[in-house]
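Asker: structure of the sequence below:
(one chain, ligands or ions: 1)
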Amino acid sequence: MISPESFKRSVGEWAKTCKVEINEIHLRKMKNKWASCSSRGRLTFDRAILRQSKDERTKIIVHELLHLRYPNHGKMFRALLKAYTK
Ligand SMILES: [Zn+2]
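Answerer: Sure thing, here's the model as predicted:
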């Protein structure tokens, strides 16, 4: 289990790595998905992410951050996700 503070810190670090601007990071209970993002750089993650393994968290974080650059799961999206999470 990771604390909300360290989780948010690691999201911030990944944002730099992925070269995306984020404004706010929120944690709350979500029903059907791990995370969502708005074009203004507001990210929301399911609180249950704090209990996931580091690899799982990284996958979810990078996936969501890349959506700030690519709205869909196209070729570039998949290539970058693979590059960052292997
Ligand atoms: Zn997605």
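
Asker: any idea which helix or strand comes after the lowest-mean-pLDDT helix or strand in the chain?
Answerer: The helix or strand of the chain with the poorest confidence is strand 35-37; it has a mean of 94 (mean pLDDT, DSSP states H and E). Toward the C-terminal end, the helix or strand that comes next after strand 35-37 (DSSP states H and E) is strand 42-46.

Asker: tell me the helices and strands packed up against that following strand.
Answerer: When contacts are defined as 3 or more C-beta pairs under 8 Å, 6 or more residues apart in numbering; DSSP states H and E, strand 42-46 sits against helix 4-17, strand 24-28, strand 35-37, helix 54-67. (C-beta placed from N, C-alpha, C; glycine too.)

Asker: let's see 7 Å
Answerer: Packing partners of strand 42-46 (3 or more C-beta pairs under 7 Å, 6 or more residues apart in numbering; DSSP states H and E): strand 24-28, strand 35-37.

Asker: quick one: contacts for the residue nearest in space to the middle of the chain?
Answerer: The residue lying closest to the centre of the chain (C-alpha atoms, centre = their mean) is residue 61, at 2.1 Å. Listed by C-beta atoms under 7 Å, 6 or more residues apart in numbering, the contact set of residue 61 reads 10, 11, 14.

Asker: buried residues in the least confident helix or strand of the chain, which are they?
Answerer: Going by neighbour count (16 or more other C-beta atoms under 10 Å), the buried part of strand 35-37 is 35, 37.

Asker: same check on stretch 25-42?
Answerer: Residues 25, 27, 34, 35, 37 are the ones in stretch 25-42 that count as buried (16+ other C-beta under 10 Å).

Asker: ends of that stretch, what's the gap?
Answerer: 6 Å (C-alpha to C-alpha, to the nearest Å).

Asker: which outside residues touch that stretch?
Answerer: With contact meaning C-beta under 7 Å, 6+ apart, stretch 25-42 is reached by 4, 8, 11, 21-24, 43-47, 49, 60, 64, 67-68.

Asker: swap the cut-off to 8 Å and go again
Answerer: Stretch 25-42 has contacts (C-beta atoms under 8 Å, 6 or more residues apart in numbering) with 4, 7-8, 11-12, 20-24, 43-50, 60-61, 63-65, 67-68.
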